[in-house]
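Asker: here are the coordinates; sequence isn't available:
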């Protein structure tokens, strides 16, 4: 099974597992690949999922459908992205989100039952440690998002979000993966209100805005 260098470097499940050991581990876990066309669903909300997915090629997006029928984007991932891992650990194993191929996608599927019942090799032990660390990271990412949703004013939501993203880039700069509509959904606000507030923040000298790129002028 061929795993690209990009996936090896960016997939948190494969951290510190040498390529030869990883190939043997994937064989032991009965992992398999499948290709998807753009728009095809990899995981459906309300249905069980018993495997951990890894994006090998292309990009996926996860959506949660609200009662009114509108869709809230929960995540988007490229090569190395891991999905379905939280669902597999649930007793119900029914997905709360639908995962869709945003481009043509090739995905790796790892049966969760084989992960739990592995042979205890060093590679398998490392894989389990990586999985636990990944689940912890996703918990804290969700906690940060909940903190954003609890903030009362849209301006403060924007500043907190952009500051957290800018920490990675330095110099108060960051580039978000979201369109304006997606960013509004992420922050739990109206798209028009978001655009108006960004314009006000530029006028007030707080931000420089260039498409999806931002620079915080006054932290």
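Answerer: Done, it's in. All values reported here derive from a predicted model rather than from experimental measurement. Numbers count the residues shown, from 1 in each chain.

Asker: How many residues are close by residue 194?
Answerer: 20 (other Cβ atoms under 10 Å). For glycine as for every other residue, the C-beta is placed from the backbone atoms N, C-alpha and C.

Asker: Can you give me the distance of it to residue 173?
Answerer: 20 Å (Cβ to Cβ, to the nearest Å).

Asker: low-scoring stretches of this structure, by residue?
Answerer: 118-119, 168-170, 219 (pLDDT under 70).

Asker: residue closest to the middle of it?
Answerer: residue 75 (4.4 Å; Cα atoms, centre = their mean).

Asker: That one reaches residue 63, doesn't it?
Answerer: No - the pair residue 75 and residue 63 does not pass the contact test of Cβ atoms under 8 Å, sitting 9.1 Å apart.

Asker: just checking, what packs against the longest helix anywhere in the chain?
Answerer: Ranked by residue count and defined by DSSP state H, the top helix of the chain is helix 122-150. Here helix 122-150 touches helix 19-28, helix 85-88, helix 112-116, helix 154-169, helix 180-187, going by 3 or more Cβ pairs under 8 Å, 6 or more residues apart in numbering; DSSP states H and E.

Asker: rewinding a little: in space, what's closest to the residue nearest to the centre of the chain - neighbours in sequence excluded?
Answerer: residue 62 (4.5 Å; Cβ to Cβ, 6 or more residues apart in numbering).

Asker: same thing with residue 158?
Answerer: residue 197 (6.4 Å).

Asker: which SS state does the one you found fall under?
Answerer: helix (DSSP: H, G, I helix; E, B strand; the rest coil).

Asker: Any buried residues in stretch 27-34, and which?
Answerer: 29, 31 (16 or more other Cβ atoms under 10 Å).

Asker: nope, stretch 86-98 is what I meant
Answerer: 86, 87, 88, 95, 97, 98.

Asker: The residues you listed into JSON lines, with extra columns for distance to residue 143?
Answerer: Formatted as JSON lines, the buried residues of stretch 86-98 follow (distance: Cβ to Cβ, whole Å):
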{"residue": "86", "distance to residue 143": "14"}
{"residue": "87", "distance to residue 143": "19"}
{"residue": "88", "distance to residue 143": "21"}
{"residue": "95", "distance to residue 143": "21"}
{"residue": "97", "distance to residue 143": "18"}
{"residue": "98", "distance to residue 143": "23"}
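
Asker: so who does residue 54 touch?
Answerer: 7, 11, 13, 80, 81, 82, 83, 107, 108, 109, 110 (Cβ atoms under 8 Å, 6 or more residues apart in numbering).

Asker: Is the last one bridged to anything, and to what?
Answerer: In this entry, residue 110 is beta-bridged to residue 52, by DSSP bridges.

Asker: I'd guessed it sits against residue 56; true?
Answerer: No - between residue 110 and residue 56 there is no contact under Cβ under 8 Å: 11.9 Å.
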